[in-house]
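**Student:** Sequence unavailable; structure follows:
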Ligand SMILES: [Zn+2]
């Protein structure tokens with residue numbers, strides 16, 4: 001079954017490079033990607049970007065995180081605006097596959113009310129244990145909006161035809177997952193925060209934000225194997241890579 005894949009930029013964040021590659025100096029401004037996948041059996045989002053309150057009151061929404069990650073996020077760049085500009089009604093989205101629970105990946109879930117959320121069980125559980133929420137900077141304001149939630153473990157083939165499959169890539173957070181999308185041109189791996197930058201994979205360098213370093217390194221090895229087998233890796237927050245990605249309404253082919 002063939003699917004259509006579209007990339008959307010839902011704002012930007014500026015931060016110290018060290019956040020993205022531990023020990024490196026300088027600053028970096030990174031895109032906040034979300035993806036729309038159209039399958040004959042349903043419309044899917046992979047991540048939902050940031051909540052629009054960050055456009056007007058970043059500290060009110062994410063507190064001190066707004067000092068470490070300075071938003072450049074304008075009205076219309078939130079997931080709802082992005083979808084509407086493509087003539088896609090946010091209410092018509094059937095599934096949100098969340099890579100993990102951080103604010104720049106689940107903040108837009110609230111704007112997509114009818115979707116079923118697909119998430120790794122260990123991530124969803126971590127999002128409801130106070131110590132783990134604190135340790136992982138999770139805020140239920142981003143993800144607890146009464147969606148139907150399907151907790152999956154490991155690989156999960158959403159439509160049963162191999163076209164959209166979750167790839168467990170734990171480590172950045174307890175239950176992070178990437179997504180494999182099978183295009184006519186081959187497999188694309190939407191890495192999200194299992195691999196922020198091209199350099200992360202080339203140099204096997206972890207970021208400073210990592211829940212389980214050994215596990216994350218293992219996930220990078222998984223990505224490397226997929227890449228060596230011919231898959232295209234879509235890095236989670238790489239501004240240079242992102243320039244090469246066609247933006248919706250253009251389709252990724
Ligand atoms: Zn992120």
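**Tutor:** Perfect, I can see it now. The structure presented is a predicted model; accordingly, all values stated were derived computationally and were not measured.

**Student:** which is the next helix or strand following the worst-scoring helix or strand of the chain on mean pLDDT?
**Tutor:** Within the chain, confidence by mean pLDDT, DSSP states H and E is lowest for helix 17-20 among all helices and strands, at a mean of 94. Heading C-terminal from helix 17-20, the first helix or strand you meet, by DSSP states H and E, is strand 27-39.

**Student:** in that next one, what's buried?
**Tutor:** The neighbour-count criterion (16 or more other Cβ atoms under 10 Å) identifies 28, 30, 31, 32, 33, 34, 35, 36, 37, 39 as the buried residues of strand 27-39. Where you see a C-beta, it was placed from the backbone N, CA and C, and this is true even at glycine.

**Student:** before we move on, the earlier item: which secondary structure elements does the least confident helix or strand of the chain contact?
**Tutor:** Helices and strands touching helix 17-20, by 3 or more Cβ pairs under 8 Å, 6 or more residues apart in numbering; DSSP states H and E, are strand 27-39.

**Student:** For whichever helix or strand comes after the strand it packs on, which strands pair with it and how are they oriented?
**Tutor:** Sequence-wise, the next helix or strand downstream of strand 27-39 (DSSP H and E) is strand 42-46. Based on DSSP bridges, the pairing partners of strand 42-46 within the sheet are strand 27-39 (antiparallel), strand 95-97 (parallel).

**Student:** how about those in JSON lines, adding mean pLDDT?
**Tutor:** Converted to JSON lines, these look like this (pLDDT from 0 to 100):
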{"stretch": "strand 27-39", "mean pLDDT": "98"}
{"stretch": "strand 95-97", "mean pLDDT": "98"}
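
**Student:** Show me the one of the ones you listed that comes nearest the ion.
**Tutor:** The ion lies closest to strand 27-39 among these, at 7.1 Å (Cβ to the ion).

**Student:** just how off-centre is that closest one within its chain?
**Tutor:** The chain centroid and the centroid of strand 27-39 are separated by 7 Å under Cα atoms, centre = their mean, to the nearest Å.
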